[in-house]
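J.: sequence unavailable; structure follows:
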C-alpha cells in the first residue's frame, strides 16, 4: 500500500482535494478528526490539556472549546508547541494502527493522510509521497474568514502562525494549486492520482523483488 501525506496551510483546499481522492478510491485518514477523538473528555490527552491550560478552555459539557483554545495557541508559539508535541505522536500512532489494519485486509492500495501540520511535525519521512495543497494568499485569507467567521486581522494572525506555503512546497512530490476553479482542482487531483497509482505499482514491484530475493 502506498502511504501518502496530503498537507498544506489552513484553508488551502485540503478537504476538497481529499474528497476528490476519496471518490477516486483512496482511503482518507483525517488527522483532525482523530485529534478530536483523542481530546474527548477524560481521555489522557484531554486531562493533560486541561491541566496545562486550565478549565477555562472547557465548555459546560467538559468538551474542549476549540475556538477558545485556538485563540491561545495562535497567539503563543510555546503553547502551540506544547499542544502539537502532545497530540502529533498520538495521531501518528492511530495512523499506523489504521495502516496495519488496512494492509491486513488488503482492500486499499493508496492511504492518504490529510493533516495540516505533517511537515511541521517532521513526519514526512514516514510517507512514500507528499502532496502539498496551496492557493494564493488573498484567496486563503478570504476562505478562512468565511469558514471560521473571523475578521481579516484574525485570519492573517492564524496564517502567520503556520509555516509559509513556500516552505511547504519544498517538501512536495506533488503540488495542487486550488486558486482556480473547482474543475481545475479536480483535473490537477486526477492527474496526481494517476501518478500515485504508478507510484503504488512501483512500490509493489520493489517489495515483491525484495521478497523473492530473501526467499531465494
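T.: Right, received. Where do you want to start? Remember, it's a predicted structure, so these values are computed and weren't measured experimentally. Numbers count the residues shown, from 1 in each chain.

J.: residue contacts, the residue most central in space within the chain?
T.: Residue closest to the average C-alpha location in the chain (C-alpha atoms, centre = their mean): residue 115, at 0.6 Å. Residues counted as contacts of residue 115 (C-beta atoms under 8 Å, 6 or more residues apart in numbering) are 5, 6, 7, 31, 32, 91, 121. Heads up, the C-betas are built off the backbone N, CA and C, glycines and all.

J.: swap in residue 150?
T.: 144, 158.

J.: got a pLDDT number for it?
T.: Residue 150 carries a pLDDT value of 93.

J.: tell me the secondary structure at it.
T.: At residue 150 the chain is in coil, as set by DSSP: H, G, I helix; E, B strand; the rest coil.

J.: one step back: tell me the pLDDT of the residue nearest to the centre of the chain.
T.: Value for residue 115, per-residue pLDDT: 94.

J.: now swap in residue 213 and tell me
T.: 72.

J.: that one: which element?
T.: If you go by DSSP states H and E, residue 213 is part of helix 182-215.

J.: what is that helix packed up against?
T.: strand 2-8, helix 14-24, strand 110-114, strand 129-134, strand 174-177 (3 or more C-beta pairs under 8 Å, 6 or more residues apart in numbering; DSSP states H and E).

J.: repeat the analysis, applying 7 Å as the threshold.
T.: Judged by 3 or more C-beta pairs under 7 Å, 6 or more residues apart in numbering; DSSP states H and E, the packing partners of helix 182-215 are strand 2-8, helix 14-24, strand 129-134, strand 174-177.
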